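[1] Predicted model follows, preceded by the sequence.
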2 protein chains.
Amino acid sequence: MPPSTAKQRLSQVLCHLSSRPVATNATNGSLVSGITQNQPLSTTAFAVKTEGKHPHHVPPETTPVNFHQLNPTYFLPRSAQIEPQALAIVHKSVNGKIIERTYKEFSDRVMGLAYYFKKHNYKRIAILGPNTPAHLETMFAAVAAGGITMGLNYRLKKSEIEYMLDLGKADLVVVDAEFKDLADAKPGKLDVIVDEDLGDPNSTACQYSSAVREGLEAENGRGWAGLDAEHVNEDALIGLYFTSGTTGRPKAVEYTNRGVYLAAMANIVEAGYNSQDIFGRNRCHYLWTLPMFHAMGWTCPHAVTAVRGTHFCLRKVDADYIWDLFLTRRITHMNAAPTVNSMILNSPKAQKIPYQVRVTVAASPPSAKLFEDMIDHNLFPVHMYGLTETYGPFTRAYFKEEWADLPKKDHFSLLARQGHSFITSSEVRVFNDKAEEVAKNGKEIGEIVIRGNLVTKGYHENHEETAKAYGRGWFRSGDLAVWHPDGSIQILDRKKDIIISGGENISSVVVESIIVRYPNIFEASVVGVPDDHYGEVPFAFVTLKDVKQPLDKEAIRAWMKGEIGGFQVPKGFEVVDDLPKTSTGKVRKNVLRDLAKGLYQKR
Amino acid sequence: MPPSTAKQRLSQVLCHLSSRPVATNATNGSLVSGITQNQPLSTTAFAVKTEGKHPHHVPPETTPVNFHQLNPTYFLPRSAQIEPQALAIVHKSVNGKIIERTYKEFSDRVMGLAYYFKKHNYKRIAILGPNTPAHLETMFAAVAAGGITMGLNYRLKKSEIEYMLDLGKADLVVVDAEFKDLADAKPGKLDVIVDEDLGDPNSTACQYSSAVREGLEAENGRGWAGLDAEHVNEDALIGLYFTSGTTGRPKAVEYTNRGVYLAAMANIVEAGYNSQDIFGRNRCHYLWTLPMFHAMGWTCPHAVTAVRGTHFCLRKVDADYIWDLFLTRRITHMNAAPTVNSMILNSPKAQKIPYQVRVTVAASPPSAKLFEDMIDHNLFPVHMYGLTETYGPFTRAYFKEEWADLPKKDHFSLLARQGHSFITSSEVRVFNDKAEEVAKNGKEIGEIVIRGNLVTKGYHENHEETAKAYGRGWFRSGDLAVWHPDGSIQILDRKKDIIISGGENISSVVVESIIVRYPNIFEASVVGVPDDHYGEVPFAFVTLKDVKQPLDKEAIRAWMKGEIGGFQVPKGFEVVDDLPKTSTGKVRKNVLRDLAKGLYQKR
């Protein structure tokens, strides 16, 4: 919708809204099919605020006094009311200007944008862009307006974006100017708002800024009267987030109010985002290294907002800029895959940070070596595990006090486990093929399964895949693990990545964690290749820290034989410049498997 | 039930239980009327654990994969699984022996006790005693066994205890030996288990220890196979906690799984119980100065357990012992009414603690003077407000960063407000007599109202009082407050404690907060007395720090006239040895009112 027509429409809407109280459904319209029930706005949503006396908020008569729906969107206006002047967002805009927004500004802008979405009847709002303030604001505004949000991966191809927009039945795309071309996936069939990320709220050249302003300036500048936490349905769909499978088309995972709320509460407690002291000092300064489109940013938009933390947005993972932030802005928390942590540690600016940063490491199992390096730099890792289907992480490697006396090497191995379920999760389990629990002996291999509040609702409009993964009373993760006697789980591999050699299971993850301990190895990925004798044998791809120093393949093989059973030592080592990765940093093992096949046969 | 017959009954039950799987309802029995639905145990509850292979926990077919019931009792077995060796309970028993129990022991004993309750079909279990391990264990075990818990105030008279036991339809009382006589309230009509608090789990002289042992030794020492978090009803009643009104009979407030769960989550975040770092250091060491029977100990039994904190139990508030704990056990958190904090600060052992303790202050509004004294001793106050009807505190005085530059005196005044709602609460509001919101101007007085998840269900079997307080879509607190422009609330008085003098409202709380700033004043309480001219005038009762130094009443009156409007200065000052208080530390203003009437007329 071009902003030029917006003013015209606004006056129509205002005219329609002038008789109060406005019945919720009259202005809300019905939702696109597929959303079971969404949150209507307050009955006072578009009403002019009364002076002095506020209207009495009448809760629905059917709602007991001791019940309100779990609503993660409410965290934003709540925080804005408690600490309106607290710093909510810091961002270096595309033109280098530093944007700083308070919670009042953040909340007002979201309300303004929600007003715009509601007025133009946008219900299914896709976001295509990096970790900008516009991304964060749109996530809240789409839901506050009674719609849903869907984060798209801007590193995908246009055809893939088109597929996701169709699957999610998007009626609007909010796109960052850098990725404008991608939003053209369905020309003429979909409205588009471009965010120029200029750091100028008054820009008339920026469609996104104009949309926000339209809401902010409504009602003689009073804007939307606020959000009513009473009337949402906690089981309603509020987001679609896409799996980034290494093969196959992405699936749209259904996120609900209740799930996001309880995942956010768990993230606060487990990662310690409530670090602010009683005098308001040591506020959580959260660095957005994790893509917001990835599993709704693990519900951290809501978790960090709920405790009035500051979101340090990030257009791209730029190690230089990150080190500037460490040294000048006292970053307290960040979440990042092992590869991102490696990149940060390999920056020329890397040094020991003069305070401790709590870093959640997830996405793929980290090596003991990485943990050690991080701690040497005062980056204190918390290891978690999760999936798009579990709102991001739902398990954590809890460190036991009695481990303090063990050798350091053991610390890191224990912390590299996936651990136990989060505080608001039900128990994670490991099942064998008969859906029975495997023995808790750290040996028997099974599949990680989970059920309960931290599991998403299913795959949107994909009954077949939903039945496969959710159909037996448990969500089946597809990850293979052992269950230790202490109840912690440890991933061995993705089901499809395990290597079966001469009848023995080889965990590529275990082999990789050994390789990276060898000098000058930066990253390693191990896949199986067909072998006439063993069926399959392991084959390693590695990248080097110093590419000028060649790898002595015989030496590393000999060293590995001292560390691990001979059958697990890769039959081949291939040095590459980069490992092929998905947009979320997962190694594309299918690509490596094909490559390895060719290399192994050529030997 | 005398332990002598227990073995006999056990063999009957075991016989009955020998055919597996046991249908839940077959052994559970139906509940006493008044409980809507309670949590049955797992279908494997009494089953012998299988070796190696564990049974497949089949969730009910009707439960979606993305849902589990919010169950605060589950926090205990979860913590025991994550950190079995972590210190859960520390207690100085009645004979001076220090008891230390790990999370595994805590959880096993609770399961053992739950087994005992279930086997003997106890469903409504009253607890009568101070903050002992037995009290804590019984709170969890009663609910784990599918029953409810009710904490009784051991400072009440036998007739009052009898009234509460009848109201709650108790079928068992777990009583501390010190208060054994009180449990005799209904001789012969109620089973009683006495805890001797000897710190000896093998004692045969202690009925409570024997009951726990009966469960621990069941099934060849394997005991109960555990708790199933899937099958509780989150809206089920799990506790009755009694109001301690200064007048009238106590009312039994209904606590639910969902309410306790979300209140506990809020307490963790707001009080920062998740203080443990990633290497397990700085575990929450929670000191039990708050009575456990008071509003279920504000759900701190669950909040502290959920983050694997250590419960430092406390038979009585003994300032000497508390200072020993501060100086030797690194207490990190405690909750205490202002009077308890004053008592601790006035101990001869008082000194600056070598680390910071976070102290939640609630129950009655604290004075700026008290806040200042506390901080001087490294006791860092978090001010909260709540009621038995709100699971304890549900609002907090949040300190804004921008206040840092204000004079210290203003800090404390701002922190003495009741503030904003907790993270899991809905918004607190202030209503006038017409149930409209008052203006947020810090002047208009109204009643604090609240609704949502942190409000309890109602008064048990008391339709009249429930209708009065819960009947209009909001819980009406009975507390009078103003609403400040920043959305924070500030209590002026209990509705019945406000003094109306010459048509002006006088807040006794405000006048008291001024008096205690005067030298040598320890505590103050101000009530209204009838006056022919003004209708009512304020009258003050005070206690002194140094009783040998007399109070110059003319001097304090003259000083007050410089601090406050003349009509607010008490017409009389009476020095007393102690203020009359309820068992939970609230000043009995009705007693003072009668006293003041006599004193004022005699002048």
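    Yes, it's here.

[2] For residue A:484, give me its contacts.
    Counting by CB atoms under 8 Å, 6 or more residues apart in numbering or on different chains, residue A:484 touches A:417, A:440-442, A:490. (Glycine included, C-beta is placed from N, CA and C.)

[3] Check the spacing between it and residue A:250 real quick.
    Look at residue A:484 and residue A:250: by CB to CB, to the nearest Å, they are 33 Å apart.

[4] What is the burial count for the residue of the stretch 351-500 of chain A found nearest chain B?
    As assessed by CB to the nearest CB, chain B sits closest to residue A:452 within the stretch 351-500 of chain A, at 3.4 Å. Look at residue A:452: counted by other CB atoms under 10 Å in any protein chain shown, it has 27 neighbours.

[5] Might one say that it is in contact with residue B:66?
    Yes: contact criterion CB atoms under 8 Å: residue A:452 and residue B:66 qualify, at 7.3 Å.

[6] Wondering if the longest helix belonging to chain A reaches chain B at all.
    Longest helix of chain A, by residue count under DSSP state H: helix A:103-119. No: applying CB under 8 Å from any CB of the partner chain, one finds helix A:103-119 separated from chain B by no less than 10.6 Å.

[7] And the helices in the stretch 351-500 of chain A?
    Using DSSP state H, counting those that start in this stretch, the helices of the stretch 351-500 of chain A run over A:368-376, A:408-415, A:463-470.

[8] How far off centre is the second one?
    What separates the centre of helix A:408-415 from the centre of its chain is 26 Å, taken as CA atoms, centre = their mean, to the nearest Å.

[9] can you give me the mean pLDDT across that helix?
    Across helix A:408-415, the average pLDDT comes to 85.

[10] Report the buried residues of it.
    A:411-415 (16 or more other CB atoms under 10 Å in any protein chain shown).

[11] out of these, who's near chain B?
    Answer for the buried residues of helix A:408-415 near chain B (CB under 8 Å from any CB): residue A:411.

[12] now, which of the buried residues of helix A:408-415 sits nearest residue A:126?
    Closest approach to residue A:126 among these (CB to CB): residue A:415, at 37.2 Å.

[13] what sits against the nearest residue to the closest one once chain neighbours are set aside?
    Among residues not flanking residue A:415 along the chain, residue A:397 sits closest, at 4.9 Å (CB to CB, 6 or more residues apart in numbering or on different chains). Listed by CB under 8 Å, 6+ apart, the contact set of residue A:397 reads A:382-384, A:414-419, A:488.

[14] so where is the stretch 101-250 of chain A shaky, pLDDT-wise?
    A:221-230, A:244-248 (pLDDT under 70).

[15] Leaving out sequence neighbours, find the closest residue to residue A:75.
    Per CB to CB, 6+ apart, closest to residue A:75 is residue A:306, 3.9 Å.

[16] and if you look at residue A:474?
    Nearest residue to residue A:474, sequence neighbours excluded (CB to CB, 6+ apart): residue A:449, at 4.1 Å.

[17] Helices along the stretch 51-200 of chain A, start to end?
    Going by DSSP H, counting those that start in this stretch, the stretch 51-200 of chain A shows helices at A:75-82, A:103-119, A:133-144, A:158-167.

[18] Okay, the residue lying closest to residue A:316 once chain neighbours are set aside and residue A:446: tell me how far apart.
    Nearest non-adjacent residue to residue A:316, counting by CB to CB, 6+ apart: residue A:130, 6.2 Å away. Between residue A:130 and residue A:446 the computed distance is 38 Å (CB to CB).

[19] Then residue A:503?
    18 Å.

[20] And those two? Which one has more around it.
    residue A:446 (23 against 8).

[21] remind me which residues of the stretch 501-603 of chain A are low pLDDT?
    Checking the stretch 501-603 of chain A against pLDDT under 70 turns up A:583-584, A:602-603.

[22] where exactly do the strands run in it?
    Under the criterion DSSP state E, counting those that start in this stretch, the stretch 501-603 of chain A contains strands at A:504-506, A:521-531, A:535-544, A:572-575.

[23] I'd like to check what contacts stretch A:264-271. Which residues are they?
    In contact with stretch A:264-271 (CB under 8 Å, 6+ apart) are residues A:72, A:75, A:273-274, A:298-300, A:302-303, A:306-307, A:333, A:335, A:358, A:360, A:382, A:384, A:392-394, A:396, A:422-425, A:454, B:265, B:268-269, B:274, B:307, B:423-424.

[24] tell me, how many neighbours does the residue in the stretch 51-200 of chain A that chain B sits nearest to end up with?
    Relative to chain B, the nearest point of the stretch 51-200 of chain A is residue A:68 (3.4 Å; CB to the nearest CB). As a burial measure, residue A:68 scores 26 neighbours (other CB under 10 Å).

[25] hang on, it packs against residue B:451?
    Yes: Residue A:68 lies in contact with residue B:451 (CB under 8 Å); the separation is 6.7 Å.

[26] Which strand or helix spans the residue of the stretch 151-300 of chain A at minimum distance from chain B?
    Of all residues in the stretch 151-300 of chain A, residue A:280 sits closest to chain B, at 4.0 Å by CB to the nearest CB. Using DSSP states H and E, residue A:280 is not contained in any helix or strand.

[27] In contact with it, which residues?
    For residue A:280, the contacting residues are A:83, A:86, B:398-401, B:403-404, by CB under 8 Å, 6+ apart.

[28] if we go to 10 Å?
    Residue A:280 sits next to A:83, A:86, A:308, B:398-404 when contact means CB atoms under 10 Å, 6 or more residues apart in numbering or on different chains.

[29] Show me which of these are buried.
    So, by 16+ other CB under 10 Å, the buried ones in the contacts of residue A:280 are A:83, A:86, A:308, B:398-401.

[30] Out of the residues you listed, which comes closest to residue A:152?
    Nearest to residue A:152 among these, with distances taken as CB to CB, is residue A:308, at 28.7 Å.

[31] pretty sure residue A:322 is in contact with residue A:328, am I right?
    No: counting by CB atoms under 10 Å, residue A:328 is not a contact partner of residue A:322; they are 11.2 Å apart.

[32] neighbour-wise, which of these two wins?
    With neighbours defined as other CB under 10 Å, residue A:322 and residue A:328 compare such that residue A:322 has more, 22 against 8.

[33] Show me what counts as buried in the helix or strand containing residue A:344.
    Assessed by DSSP H and E, residue A:344 sits inside helix A:338-345. Going by neighbour count (16+ other CB under 10 Å), the buried part of helix A:338-345 is A:338-344.

[34] now stretch A:494-506
    A:494, A:497-499, A:501, A:506.

[35] Look up the closest residue to the most centrally placed residue in chain A, ignoring the ones flanking it.
    Closest to where the C-alpha atoms of chain A average out (CA atoms, centre = their mean) is residue A:297, at 2.7 Å. Closest residue to residue A:297 apart from its sequence neighbours, by CB to CB, 6+ apart: residue A:290 at 5.9 Å.
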